[in-house]
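Q: Pasting the sequence and the predicted model now:
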Amino acid sequence: MPTELRSLVFGEAELKEAAIEHCNAACIPVPDSPVEGLNIGTDPTEALRLRFREPGEAPCEVKLTSYDLLEALIEYCRATHIPIPQTGVRTLTTDPAGIRLTIRPNEAQRAA
């Protein structure tokens, strides 16, 4: 039987937007200045680091865990009307273009 698999790759612009929106919704403080850069990590406690620099101040970073990043990308999909399965096994992996979100719908959902 064929297996359904949904895979989406998010580039730098989408990652920045999703992360900032998630931080605002989750009351995670972020500077008012624009994102200067981002780093994609393999450590689940620092899956994404956003770098900010306020004028005249030292740079600062906001770190998202892999759980926060997953939530941010799902919220981004919903906000931008990108259809994704409501349930399923969701994984994040690095991709040359950014971050890949893969969703494998649950077996029970496919049988319905």
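A: That came in fine, so what should we check first?

Q: Enumerate every residue touching residue 29.
A: Contact analysis of residue 29 by CB atoms under 8 Å, 6 or more residues apart in numbering lists 23, 62. Where you see a C-beta, it was placed from the backbone N, CA and C, and this is true even at glycine.

Q: And it, how far from residue 3?
A: Look at residue 29 and residue 3: by CB to CB, to the nearest Å, they are 41 Å apart.

Q: Identify the residue spatially nearest to residue 30, adjacent ones excluded.
A: Across the structure, with CB to CB, 6 or more residues apart in numbering as the measure, the residue nearest residue 30 apart from its sequence neighbours is residue 23 (4.8 Å).

Q: and the one you found, what does it touch?
A: 29, 30, 62, 64.

Q: Buried by neighbour count, from the residues you listed: which ones?
A: 62, 64 (16 or more other CB atoms under 10 Å).

Q: List just the nearest of the contacts of residue 23 to residue 81.
A: residue 64 (22.9 Å; CB to CB).

Q: Tell me where this structure has helices.
A: With DSSP state H as the definition, the chain shows helices at residue ranges 12-25, 66-79, 107-111.

Q: okay if I get the contacts of residue 23 as TSV plus distance to residue 100 and pLDDT?
A: TSV is the format used below for the contacts of residue 23 (distance: CB to CB, whole Å; pLDDT from 0 to 100):
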residue	distance to residue 100	pLDDT
29	28	92
30	24	91
62	22	94
64	16	95
